[in-house]
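*Asks:* okay, structure incoming, though there's no sequence with it:
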């Protein structure tokens, strides 16, 4: 279980760094930021932080539930 959680956490970190950088995984957001001359979109950054935390918690809870069965 630890490996799955750690792999998911690394993917979240990769996407978070990409949001703060070149946005290669987010082409529409990249275009939006370029159009409006923004380094990053603060709403997207905040949204991503909330989503990544809740997804990680959900994954951990799901895996814990599967282990009990």
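*Replies:* All right, it came through fine. Keep in mind the model is a prediction, meaning the values are calculated, not measured.

*Asks:* nearest residue to the residue positioned nearest the centre of the chain in space, please, no chain neighbours.
*Replies:* Centroid-nearest residue in the chain: residue 12, 4.0 Å away (criterion: C-alpha atoms, centre = their mean). Leaving aside its sequence neighbours, residue 12 sits nearest to residue 52 (C-beta to C-beta, 6 or more residues apart in numbering; 4.5 Å). (Each C-beta comes from the backbone N, C-alpha and C, glycine too.)

*Asks:* for burial, what's the neighbour tally of that neighbour?
*Replies:* Residues near residue 52, counting by other C-beta atoms under 10 Å, number 17.

*Asks:* wait, what's in contact with it?
*Replies:* 12, 15, 16 (C-beta atoms under 8 Å, 6 or more residues apart in numbering).

*Asks:* between the residues you listed, which is nearest residue 45?
*Replies:* The nearest member of these to residue 45, counting by C-beta to C-beta, is residue 16 at 8.5 Å.
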